[in-house]
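*Asks:* Let's see this in three dimensions:
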Amino acid sequence: MTKTNYSLIAIAIFSIFNMGCSNAQKIEKEVLEASKNWIANFNNGNTTEVSNAYTEDAIMVAKPFGSFEGREAISEFWTPFIKSGASNLKYTNTRVKVLNPTKAIISSDWSMNVGEGIITNETWVKINGTWKLQHDHFEVKKQFNKNNMDKKETYVLVHAAWLGGWQWENVSKTLKENGHKVLTPDLPGHGSDKTAPENITMDDYVKTLTDILDKQDAPVILVGHSFNGITISRVAELRPNKVKKLVYLTAFLLPSEGSFFKAVQGVQNSIAVENFHLSDDNTCAVITENEIQNAFAHDIPKEAFDKAKPYIVAEPAKPLMYELQISDENFGKIPKYYIECTEDKAIPIEVQRAMYKGKTEKSYSLNSSHTPNFSQPENLADILLEISNEK
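*Replies:* Purely as a prediction, here's the structure:
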């Protein structure tokens, strides 16, 4: 081979090498720019863009908090965390490993106002011309403000008669966005639970909730709506060390041996009571159909109520007959809060006030129908957040 041929080969190899280096540098620059934009959105509190930077099937491993699969789960982690005040995120000692033209991995040290740690695997992939996060593995090595990261309550929201856990959707959303854990169980015969109403007793309601409380590491804020104020009172009696606070949302706050049927005897100006009746076989309670919205949700549009109406169920009758058993030693020691609804046509305001007067740490008022969870979910959530901060 001639000297000239060797020179041509060397030039070709050098050109290919330079081309490869140039492409790798271009990819590295693009990925660092995508990461920089993500950091900027984080520091600006733009939670939507922070979440949208992930692929739909992204996996995030956040030590010591756990693993989160999918964009929605990752969003539920980042949104309350950012809203709690986390900011000033910075990357240092950043390294980029380009795997191919559409995939690269960042590793780095990180710090922010609440802590510092390391990123071991921040995998970016290029999809339709846009760089997205596919894997995000990081670890918290030090927390500067531990209370800010760990102060989270668990709310157990218990629905009203005839409804289900679905009634709390918009309230739950706000509580979660503020960093709290929210459980919205369906009691037997409601929501997704299809137990026949004739087989349901108050013991079944109570067991559903005590089973949930027994699985919690710390006491919860237990919220009961309407009839199920009675239910949460009984649950608190049986699990006083599992309940941090009791919240009654235009609910029955009754003394020992009180019952729904006793409480509504003689109540005036209640559209719900006036239109209440038992089924022919006495297994269910219903409200006259054309008065349901007027009784419970007159302050929401008819179109919205009509969408919810198919999920309304007949209420099992036996729990309504239950006579409450509570004691000062157990139930009595738990702080109680009442949220009254001044425009309630099911439990009139004077009845609400007679039930909670002298029995609560504090009361709150909403200019609402019986279902502020539908008509004023953000205002209701704000009160629940305020209650969590009450000493």
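*Asks:* residues of stretch 374-390 that come out buried?
*Replies:* For stretch 374-390, the neighbour count (16 or more other CB atoms under 10 Å) marks 374-377, 379-385, 387-388 as buried. (Glycine included, C-beta is placed from N, CA and C.)
*Asks:* same check, this time on stretch 330-349
*Replies:* 331, 334-341, 344-348.
*Asks:* Take these and keep only those in strands.
*Replies:* Counting by DSSP state E, the buried residues of stretch 330-349 place 336-341 in strands.
*Asks:* Which of the buried residues of stretch 330-349 sits closest to residue 249?
*Replies:* Distances from residue 249 to the buried residues of stretch 330-349, taken as CB to CB, are shortest for residue 339 (4.8 Å).
*Asks:* Next up, the contacts around that closest one.
*Replies:* Residue 339 makes contacts with 247-250, 363-366, 372, 380, 383, as judged by CB atoms under 8 Å, 6 or more residues apart in numbering.
*Asks:* Show me the residues you listed that map onto strands.
*Replies:* Using DSSP E, the subset of those located in strands is 247-249, 363-366.
*Asks:* Show the buried residues in the residues you listed.
*Replies:* For the ones in strands among the contacts of residue 339, a burial check counting by 16+ other CB under 10 Å picks out 247-249, 363-364, 366.
*Asks:* Same list as before, the residues you listed that is, but in CSV and with pLDDT and distance to residue 25 included.
*Replies:* Below are those laid out as CSV (pLDDT from 0 to 100; distance: CB to CB, whole Å):
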residue, pLDDT, distance to residue 25
247, 98, 58
248, 98, 64
249, 98, 60
363, 96, 65
364, 97, 60
366, 97, 60
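*Asks:* Tell me the buried residues in stretch 28-38?
*Replies:* For stretch 28-38, the buried set under the neighbour-count rule, 16+ other CB under 10 Å, comprises 28, 30-32, 34-35, 38.
*Asks:* now do stretch 310-326
*Replies:* Neighbour-count burial for stretch 310-326 flags 312-320, 322, 324, 326 (criterion: 16+ other CB under 10 Å).
*Asks:* Which single one of these is nearest to residue 51?
*Replies:* Ranked by distance to residue 51 (CB to CB), the buried residues of stretch 310-326 are led by residue 312 at 33.6 Å.
*Asks:* For that closest one, give me the backbone phi and psi.
*Replies:* Dihedral pair for residue 312: phi -80, psi 130, per degrees, to the nearest 10.
*Asks:* show me where the stretch 1-150 of the chain has helices.
*Replies:* If you assign secondary structure with DSSP state H, counting those that start in this stretch, the helices in the stretch 1-150 of the chain sit at 3-43, 47-52, 71-83, 146-150.
*Asks:* which one of those helices has the lowest average pLDDT?
*Replies:* Of all the helices of the stretch 1-150 of the chain, the minimum mean pLDDT falls on helix 146-150 (a mean of 47).
*Asks:* that older thread, can I get the ones in strands among the contacts of residue 339 in JSON lines including distance to residue 163?
*Replies:* Putting the ones in strands among the contacts of residue 339 into JSON lines (distance: CB to CB, whole Å) gives the following:
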{"residue": "247", "distance to residue 163": "17"}
{"residue": "248", "distance to residue 163": "16"}
{"residue": "249", "distance to residue 163": "12"}
{"residue": "363", "distance to residue 163": "23"}
{"residue": "364", "distance to residue 163": "21"}
{"residue": "365", "distance to residue 163": "22"}
{"residue": "366", "distance to residue 163": "18"}
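*Asks:* Widest-spaced pair of these?
*Replies:* Farthest apart among the ones in strands among the contacts of residue 339 by CB to CB are 247 and 365. That separation is 13.9 Å.
*Asks:* how much space between residue 335 and residue 261?
*Replies:* Using CB to CB, to the nearest Å, residue 335 is found at 28 Å from residue 261.
*Asks:* Ok, residue 376 next?
*Replies:* Residue 376 is 30 Å from residue 261, where distance means CB to CB.
*Asks:* Would you confirm that residue 57 contacts residue 70?
*Replies:* Yes. With contact defined as CB atoms under 8 Å, residue 57 counts as touching residue 70 (6.2 Å).
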